[in-house]
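*Asks:* return atomic coordinates for the entry below.
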Amino acid sequence: MRLRLLAPLATIIDRSDIAEVQAHDASGAFGIRSGHAPFLTRLPPSVLTLRTDHGLVLYAAMAGGLLRVDREGVLITSADAAVGSELAPLAARVAAAQQEKQHRQREGDAQERTLHAALLHHLLDSVSGERMGEA
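*Replies:* Next up, the predicted model:
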């Protein structure tokens, strides 16, 4: 069956040789094989297990998203995802991405505080200037 895992800026995986997808949602764990009934669910941040027709096992770490099964196969959309054949390197990639995201967030927070301080300073200067004009 065909499996597509899409992120906003990239196709993470697009394969037609997937025999099974194992995932879980709010109702629990489930598996999808060729011929599965149409299905739509929201996935939490998790790791999917993908088995190919040739027995290769792949793992897809994803930041949550939507999974849809239809006659064309399985379509998964996620804000971010990574695929690998081993869990340890995949976990390291996810951890590095999380650290980078946290770093960008801290930089954004610092810039926001700087902008807020500049705005307050400008506002206070404006109010002081208006009072001086009244005197």
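
*Asks:* part of a helix, is residue 123?
*Replies:* Yes: read with DSSP: H, G, I helix; E, B strand; the rest coil, residue 123 is one of the residues of a helix.

*Asks:* neighbours around it, how many?
*Replies:* Burial measure for residue 123: 10 neighbouring residues, criterion other Cβ atoms under 10 Å. Every C-beta, even on glycine, is put in place using the N, C-alpha and C of the backbone.

*Asks:* tell me how the protein divides into domains.
*Replies:* By the assignment in automatic domain parsing, the chain contains the domains 3-85, 86-135.

*Asks:* reformat those domains as JSON lines; add mean pLDDT.
*Replies:* Shown next, in JSON lines, are the domains of the chain (pLDDT from 0 to 100):
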{"stretch": "domain 3-85", "mean pLDDT": "94"}
{"stretch": "domain 86-135", "mean pLDDT": "79"}
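
*Asks:* name the stretch among those that sits most buried.
*Replies:* Comparing these on average neighbours per residue, with mean count of other Cβ atoms under 10 Å, the densest one is domain 3-85 at a mean of 15.

*Asks:* start to end distance for that domain?
*Replies:* Distance between the two ends of domain 3-85: 16 Å, counting by Cα to Cα, to the nearest Å.

*Asks:* that one: how far from the chain's middle?
*Replies:* 13 Å (Cα atoms, centre = their mean, to the nearest Å).

*Asks:* helices of the protein, start to end?
*Replies:* In the chain, the helices defined using DSSP state H lie at 87-134.

*Asks:* report the contact partners of the closest residue to residue 48 other than its chain neighbours.
*Replies:* Nearest residue to residue 48 in three dimensions, chain neighbours excluded: residue 60, at 4.3 Å (Cβ to Cβ, 6 or more residues apart in numbering). For residue 60, the residues meeting the contact criterion (Cβ atoms under 8 Å, 6 or more residues apart in numbering) are 5, 12, 13, 47, 48, 50, 76, 81, 82, 83.
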